[in-house]
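*Asks:* Here is the input, now give the coordinates:
(chains A and B)
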Amino acid sequence: MTENPTAASGPGETRPSPQKTWSDPPRVSLIRRLLSAKETGVFLALVVMCVFLSMSTESFLSTTNLLNVGRQVSLLGIMAIGMTFVLISGEIDLSVGSTYALAGLSTGMLIVLGWGLVPALAMGLACGAAIGLINGLLSTYGRLPSLIATLGMLSIVRGSALLLTDGRPVTVNVRNGADPAILDRFEYMGQGYLFGIIPMQLVFFIVLAILGWLLLSRTAFGFRVFAVGGSEKAARVSGIHVPTVKIWSFVIMGILAAAAGILSLAFLPSGQAGRTGLGLELDVIAAVVVGGASLAGGLGTILGTVFGVLIIGVLRNGLVLLGVSPFTQEVMIGLVIIVAVAIDKWSSTRRST
Amino acid sequence: MTEKSILELRNITRTFPGVTALDDVSASFRAGEIHAIIGENGAGKSTMMNILAGELSPDSGTLHVNGRETTIGSPRQSQALGIRIVFQELSLCQNLTVGENVLLGPMAAQPALSHLNRNSAVRAATDVLARLGMSDVRADTPLAGLSVAQKQLVEIARAISQQVHILVLDEPNSALSKRETQRLFDMVRSLKEEGVTILYVSHHLDEVLALADRISVMRDGKLITTLDNGPDVTVDKLVTLMVGRSVNAAEQYALQCEVSDHPAETALEVRDLSVPGHIRHATFKLSKGEILGIAGLPDSGKDVLAEAIFGLLPRGGEVEIGGIRLSPGKPYHSIAAGMSLIPADRRSAGALLSMSVAENTVSAALKKFTRLGFMRGGAVKDIANRYVRELDARVASLGQKIATLSGGNQQKIILARGLITGPRVLILHEPTRGIDVGAKAEIYAILKSLAADGMAIMMISSELPEVMLHSSRVLVMADKIVMGQLTGAQITEEAIMSLATRSDQERAA
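*Replies:* Predicted coordinates:
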């Protein structure tokens, strides 16, 4: 920064050359920009919750607890990143809980069967990608509403996982035939700590969130997702191949759901097709919607989604710390979803008038 | 053909179930000409445009671009050929910024993982906007905040932001003010100088005559003729070609309202009506049997007047109908008191697009046609039949989806819906927007006979001839207030425009 006085002019001042205003966006104060950002509402809600919990409980603000919250929300968060793409593109994916189960369990079974780590992981992720591809094809070329297509897939994929495992739990351990060296590395992904302190699941979440953010808000692909969700006709008229964009969004979703499922098995390390990830799709959608994405498409950000995921995570954690019964917790979470989205809606209608 | 044609359609036929939308159409467009395409709704213009856009493919016939036979199988191929189409129905992304909408094509065309340079996009979009005289709109603001007119210009800006050889404009100025329209025409002419071929689809024949080099007339899916524009081409001649029979413009407009002699009874009284940001202290009366025209430029406040009176918008002041004070925010109250609104935006506010002609007709008065909550099919059919006949709406059957009707026939069904509640006051907002000449004349005739039966009619319109020729009294709005009133011989284009362009201060002065 130079000491040139004109460079420091505020937003209200006129500049000598009219073109200058365009080539050089006016410096709106950082606070104003933060206040007008789409994520501000969710962020403030999160801050309020955190402040309240750190005052009313001893343990909330401890590093251990915060990292624990981070780990607990990671898998939900990883899936929510994918769901952000799908919702912005104007679609929805209900099959993610089943994908989570099938991909995790099949990776686990392959490791038990003696496969190497990389091939087993690749199979699991490919399984997720394939489910995403089918969802995408059904919702575009198949002309089914994605609500119906993925509702069907929810059942089909869950059923496939049951058939594959014969309904029996899959436990990845040496007794069942897993190679100890491979098992070690597999379990490190789910249970390990980076630098001995940051849970690996959280590391995965952070890395994937950054990649998702770059992809959504910094690349041409991300732009196409917004364009398609904003107006399919406008997108088509502008030469965007709408089905491709949607299919890729579903594939990203499928891969991320599979990744979360695999990490879950690596953490536990046992799962059962009848129970793993049951109903998870609704948690994922709730988190993304709390984060400001619109079910009608076109709106949403990765940052908002991360905040949405954290709200759900902090709320669950806080209610446990406060000693609220699990039954009441469910009611509270439902209320928060409704209130968060309502506040967002009301404030956005106010902004638009 | 002596001059080289850049685009040629040879024997194009396209059918839809039950309709031949394009019937063996051959046309040739020259490089660097402004070629107007006119025709009534349903003549096949939009099918032709959709074929050029790559949204539809012809059943038979061939397309030739620069003399080479080409197929346009997708919008992308159409774009690659340098064809840009601005449809009348806006197709913009409300969730993106103005600049992103302008540069949607090039921004989206980059490789999937390439980095988007938003700053350079804002700069490029600003240049394009400046060309359309939109320097007051910042490229980095959200599109959602713009007026309909501005959005229409953004749509045009998008079309000309990239290399374009053939620009197709479909009623590009339906929401624009005179000045904006003038700027649009200047832009069209300068594109022509650059060698761009412009296909200009419009119902405004005077504009067509002022702008076009050649004019193609379509009727019933056929291309009737292509004329060289010249002094011998007149509006009357074009209308005759369009409707296939001689319609004397004077005769058509002779449906003008006579001012009734007997003292008028007040049907609607508006006192001190205010809508924050749009209307200030509007006061006027509407009498039985009168057609009151409301004119004004976009943003004069006239476009919110209908919704404010009807109670769809929060308002201050009083609205009385036959002595009954209406509460704001309660449209059903207004309907019960005898008011009907025919909204401007047929597609989003007017018609229940996915429903049938009969269902649309009765939707405003369901109570009359239900018993214990069940629809009385027979009664619905009878009444729908009656209105379809009376308004001469051309529908295949009462079960036909309203979305598949032409604009004029849709408007008649919506009019029927407005009439079915038995209103004393009928408010029409842009009653003939995007409707062809023939259907317009029919709608004016219907309005006139309704007024003769004692209905009080208020017609808010951006089309001056419509207001001038079919109202007995005209209120002109400007700068959020009712600037003045004209009656009888005072109603001239000059008088209306001089009121419409005045500001509040000038009036005070």
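*Asks:* pretty sure B:Ser216 is in a strand, no?
*Replies:* Yes - under DSSP: H, G, I helix; E, B strand; the rest coil, B:Ser216 sits within a strand.
*Asks:* any idea how far it is from B:Ile51?
*Replies:* Using C-beta to C-beta, to the nearest Å, we find B:Ser216 at a distance of 15 Å from B:Ile51. To be clear about C-beta, it is placed using only N, CA and C from the backbone, and glycine gets the same treatment.
*Asks:* Same check on B:Gln94?
*Replies:* According to C-beta to C-beta, B:Gln94 and B:Ile51 sit 28 Å apart.
*Asks:* repeat for B:Arg138
*Replies:* For B:Arg138, the distance to B:Ile51 - C-beta to C-beta - is 37 Å.
*Asks:* Of those two, give the one with the bigger neighbour count.
*Replies:* Using other C-beta atoms under 10 Å in any protein chain shown, the more surrounded residue of B:Arg138 and B:Ile51 is B:Ile51, with 23 against 18.
*Asks:* so where do the helices sit in the stretch 201-350 of chain B?
*Replies:* B:205-211, B:235-243, B:249-253, B:302-310, B:331-337 (DSSP state H, counting those that start in this stretch).
*Asks:* hang on, I meant the stretch 401-509 of chain B
*Replies:* Using DSSP H, counting those that start in this stretch, the helices of the stretch 401-509 of chain B run over B:407-419, B:437-452, B:464-470, B:493-500, B:504-508.
*Asks:* Which stretch among those is buried most, on average?
*Replies:* helix B:407-419 (a mean of 24; mean count of other C-beta atoms under 10 Å in any protein chain shown).
*Asks:* Between helix B:437-452 and that one, find me the angle.
*Replies:* Relative orientation of helix B:407-419 versus helix B:437-452 (axes from the mean of the first three to the mean of the last three C-alpha atoms, to 10 degrees): 20 degrees.
*Asks:* CA atoms only for helix B:407-419, dumped as CSV, please.
*Replies:* C-alpha atoms of helix B:407-419 as CSV (Å, rounded to 0.1, in the frame of the first residue of the first chain):
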residue,chain,number,x,y,z
GLY,B,407,-51.1,-15.4,-26.1
GLY,B,408,-54.3,-13.9,-27.3
ASN,B,409,-56.4,-16.9,-26.4
GLN,B,410,-54.8,-17.2,-23.0
GLN,B,411,-55.7,-13.6,-22.3
LYS,B,412,-59.3,-14.2,-23.2
ILE,B,413,-59.5,-17.1,-20.8
ILE,B,414,-57.9,-15.0,-18.1
LEU,B,415,-60.4,-12.3,-18.9
ALA,B,416,-63.2,-14.9,-18.6
ARG,B,417,-61.8,-15.7,-15.2
GLY,B,418,-62.0,-12.1,-14.2
LEU,B,419,-65.5,-11.8,-15.4
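*Asks:* Summarise which helices and strands that helix is packed against.
*Replies:* Judged by 3 or more C-beta pairs under 8 Å, 6 or more residues apart in numbering or on different chains; DSSP states H and E, helix B:407-419 is in contact with strand B:339-342, helix B:357-362, helix B:377-390, helix B:437-452.
*Asks:* Generate a markdown table for these, with mean pLDDT and distance to A:Leu303 as supplementary columns.
*Replies:* Listed next are the helices and strands packed on helix B:407-419 as a markdown table, based on pLDDT from 0 to 100; distance: least, C-beta to C-beta, whole Å:
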| stretch | mean pLDDT | distance to A:Leu303 |
| --- | --- | --- |
| strand B:339-342 | 88 | 43 |
| helix B:357-362 | 80 | 45 |
| helix B:377-390 | 81 | 52 |
| helix B:437-452 | 85 | 52 |
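*Asks:* B:Ser174: which of the ones you listed is closest?
*Replies:* With respect to B:Ser174, and counting by C-beta to C-beta, the nearest of these is helix B:437-452 at 13.9 Å.
*Asks:* The closest one - contacts with which helices or strands?
*Replies:* helix B:235-243, strand B:291-296, helix B:407-419, strand B:425-429, strand B:456-460, helix B:464-470.
*Asks:* and the angle from it to strand B:425-429?
*Replies:* Going by the same axes, to 10 degrees, helix B:437-452 makes 160 degrees with strand B:425-429.
*Asks:* ok so, going back, CSV for the helices and strands packed on helix B:437-452, including distance to B:Thr15 and mean pLDDT?
*Replies:* Output for the helices and strands packed on helix B:437-452, formatted as CSV (distance: least, C-beta to C-beta, whole Å; pLDDT from 0 to 100):
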stretch, distance to B:Thr15, mean pLDDT
helix B:235-243, 22, 79
strand B:291-296, 41, 90
helix B:407-419, 20, 83
strand B:425-429, 35, 91
strand B:456-460, 38, 93
helix B:464-470, 35, 83
